[in-house]
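S.K.: A predicted structure for the sequence below; I have some questions about it.
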Amino acid sequence: MEVNYSQENGILCCEVAGRLESSTASSFEQDVNAKAASSTGPLLIDMSNLAYISSAGLRAILLLTKAAQSKGIKLALCSLPPQIEEVFKISGFNKIITIHTSREDAISALA
C-alpha cells in the first residue's frame, strides 16, 4: 500500500493506492491520524487507486471517521473504484461516511 498527501484549498488530501487490509490498515490509520492532527482543515481520502479493502481496512476508515468527528474535522472519501464502492454499499458504510464520486466534487463540498 502507498499513501501520498497533498494540500488543496486548505484540505488535506490523502491518496491511498494498493491494498488496505489487515497488514496495512493499522499503520494507515495511525499515519492518517497523525497527518490530520497537524492539519487545521478537512480531510479527503482519495481511493481512486485502491485495489482492495478488507474488513480491517473498513475498520480503519471507520475509526478515522470517528476520530475526525470527535475533533470537529470534516472527512470525506472520493473516487471509489466500482469494487470498493460495492464493499461500502454492502457494509452500509456509504450511509455513515460521506462519499463523493470525484475529487473535484469532494473538494468543492469540503471547501
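M.R.: Perfect, I can see it now.
S.K.: Against residue 9, how distant is the nearest residue to residue 74 once chain neighbours are set aside?
M.R.: Once flanking residues are discounted, residue 74 sits nearest to residue 42: 3.9 Å by CB to CB, 6 or more residues apart in numbering. To be clear about C-beta, it is placed using only N, CA and C from the backbone, and glycine gets the same treatment. For residue 42, the distance to residue 9 equals 9 Å [CB to CB, to the nearest Å].
S.K.: if you count what's nearby, which of the two comes out ahead?
M.R.: Each of residue 42 and residue 9 has its neighbours counted (other CB atoms under 10 Å); residue 42 has more, 21 against 12.
S.K.: correct me, but the more buried one touches residue 76?
M.R.: Yes: Residue 42 lies in contact with residue 76 (CB atoms under 8 Å); the separation is 7.2 Å.
S.K.: shared neighbours of those two, anything?
M.R.: Common neighbours of residue 42 and residue 76 (criterion: CB atoms under 8 Å, 6 or more residues apart in numbering): residue 110.
S.K.: Render the CA-only coordinates of whichever strand or helix holds residue 59 in PDB, please.
M.R.: When elements are assigned from DSSP states H and E, residue 59 belongs to helix 55-70. Written as PDB, here are the backbone C-alpha positions of helix 55-70 (Å, rounded to 0.1, in the frame of the first residue of the first chain):
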ATOM      1  CA  SER A  55     -12.800  -5.600   6.900                       C
ATOM      2  CA  ALA A  56      -9.700  -4.400   8.700                       C
ATOM      3  CA  GLY A  57      -9.500  -1.600   6.100                       C
ATOM      4  CA  LEU A  58     -13.100  -0.700   6.600                       C
ATOM      5  CA  ARG A  59     -12.500  -0.600  10.400                       C
ATOM      6  CA  ALA A  60      -9.500   1.800   9.800                       C
ATOM      7  CA  ILE A  61     -11.800   4.100   7.700                       C
ATOM      8  CA  LEU A  62     -14.500   3.900  10.400                       C
ATOM      9  CA  LEU A  63     -12.000   4.800  13.200                       C
ATOM     10  CA  LEU A  64     -10.700   7.700  11.100                       C
ATOM     11  CA  THR A  65     -14.200   8.900  10.600                       C
ATOM     12  CA  LYS A  66     -15.000   8.700  14.300                       C
ATOM     13  CA  ALA A  67     -11.700  10.500  15.300                       C
ATOM     14  CA  ALA A  68     -12.400  13.300  12.800                       C
ATOM     15  CA  GLN A  69     -16.000  13.700  14.100                       C
ATOM     16  CA  SER A  70     -14.800  13.900  17.700                       C
END
